[in-house]
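Enquirer: My questions are about this predicted structure, shown below with the sequence.
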Amino acid sequence: MNILYKIYSFLIALPIFIVITIIVASCVIIAGFLGDTTFVAYHFPKFWSKCAFWLFLLKVKVEGREHIKEDESYVFLANHQGYYDIFLAYGYLGHNFKWMMKEYLKKIPFVGYACVKAKHIYLPDGISGIAKAVQQARETLQGGMSMIIFPEGTRTRTGKMSPFKRGSFMLANEIGLPIVPLTINGSFDVFSRNAWSVSRGTVTLTIHPPITAEQRKGKQTKEVMQEVFDIINARLDEKYRS
């Protein structure tokens, strides 16, 4: 069955997904030239992401969606297990958002330009980069528009979380929005950075209660970082807990 699945993945699912990717990216780019991308830049990638699950016959489970409200803005902080983390957030979080992305991701052919037109927030290196990102975030994150950041900075190599970087927490504190920890399970087993193809499985998204700016008041950044790390870590599969 595994061999049949790999054949299906490469000969049927992957070619269809590539075509859908090109179409969706093209629509976002065109919408960016025409004006407001609020609808297109969220709903088209949402469909694209769900196709990544449907085509490759993967299962999804979401827990805790009752903790967030559609008309409120948040800073979502998630662990980064694998390639499917992006599809999981876009397809199943159920909340409009912008990604906090590294500057070099603009260079990804086609998709990188679509992300620019979708007005995702890029984080250049250095303190000045954080200040620039804060200003962009303040202009963007209003009226229910949120942001997702992977505070590890890159995908895990072992399935366990790497130490968090301070930048995302400094940005969240500057903006003053609630932080919502997200735990992603199963993405490492489905398609990790070490794998060369997708494997069958279930990916789970756990949405934790928000940590408001008021609740963070008076706490040092390191303390908040550890609190969010512990919340996310506690809901990981036991084999991947740090």
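Expert: Done, it's in.

Enquirer: in the protein, which spans are helices?
Expert: Remark: helices assigned in the chain by DSSP state H are 2-8, 14-34, 40-55, 84-92, 111-117, 127-140, 167-175, 187-191, 213-216, 221-234.

Enquirer: Of these, flag the one that's most buried.
Expert: Mean neighbour count (mean count of other C-beta atoms under 10 Å) peaks for helix 187-191 among the helices of the chain, with a mean of 25. No exception for glycine: its C-beta is placed from N, CA and C like everyone else's.

Enquirer: Could you list every helix and strand in contact with the helix or strand of the chain with the lowest mean pLDDT?
Expert: The least trusted helix or strand in the chain, going by mean pLDDT, DSSP states H and E, turns out to be helix 127-140, with a mean of 70. Here helix 127-140 touches strand 97-102, strand 121-123, helix 167-175, going by 3 or more C-beta pairs under 8 Å, 6 or more residues apart in numbering; DSSP states H and E.

Enquirer: Also compute the angle for the first one relative to helix 167-175, please.
Expert: Our comparison of strand 97-102 with helix 167-175, counting by axes from the mean of the first three to the mean of the last three C-alpha atoms, to 10 degrees, yields an angle of 130 degrees.

Enquirer: Please name every helix or strand in contact with strand 97-102.
Expert: For strand 97-102, the packing partners by 3+ C-beta pairs under 8 Å, 6+ apart come out as strand 121-123, helix 127-140, strand 146-149.

Enquirer: Each with direction, which strands does it pair with?
Expert: According to DSSP bridges, strand 97-102 has the following sheet partners: strand 121-123 (parallel), strand 146-149 (parallel).

Enquirer: Would you mind checking the average pLDDT for the first one?
Expert: Here strand 121-123 scores 75 as its mean pLDDT.

Enquirer: Between the strands paired with strand 97-102, which one is closest to Ser9.
Expert: Ser9 lies closest, by C-beta to C-beta, to one member of those: strand 146-149, at 26.7 Å.

Enquirer: Phe53: which of the helices and strands packed on strand 97-102 is closest?
Expert: Nearest of the helices and strands packed on strand 97-102 (C-beta to C-beta): strand 146-149, 17.7 Å.

Enquirer: In this protein, where is pLDDT below threshold?
Expert: Low-confidence segments of the chain (pLDDT under 70): 104, 124-130.

Enquirer: hmm, 80 instead?
Expert: Where the chain drops to pLDDT under 80, the residues are 1, 35-38, 100-112, 116, 119, 121-143.

Enquirer: Using a markdown table, lay out the helices and strands packed on helix 127-140 together with distance to Val19.
Expert: A markdown table is the format used below for the helices and strands packed on helix 127-140 (distance: least, C-beta to C-beta, whole Å):
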| stretch | distance to Val19 |
| --- | --- |
| strand 97-102 | 23 |
| strand 121-123 | 27 |
| helix 167-175 | 34 |
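
Enquirer: closest to Ser49 out of the ones you listed?
Expert: strand 97-102 (12.3 Å).
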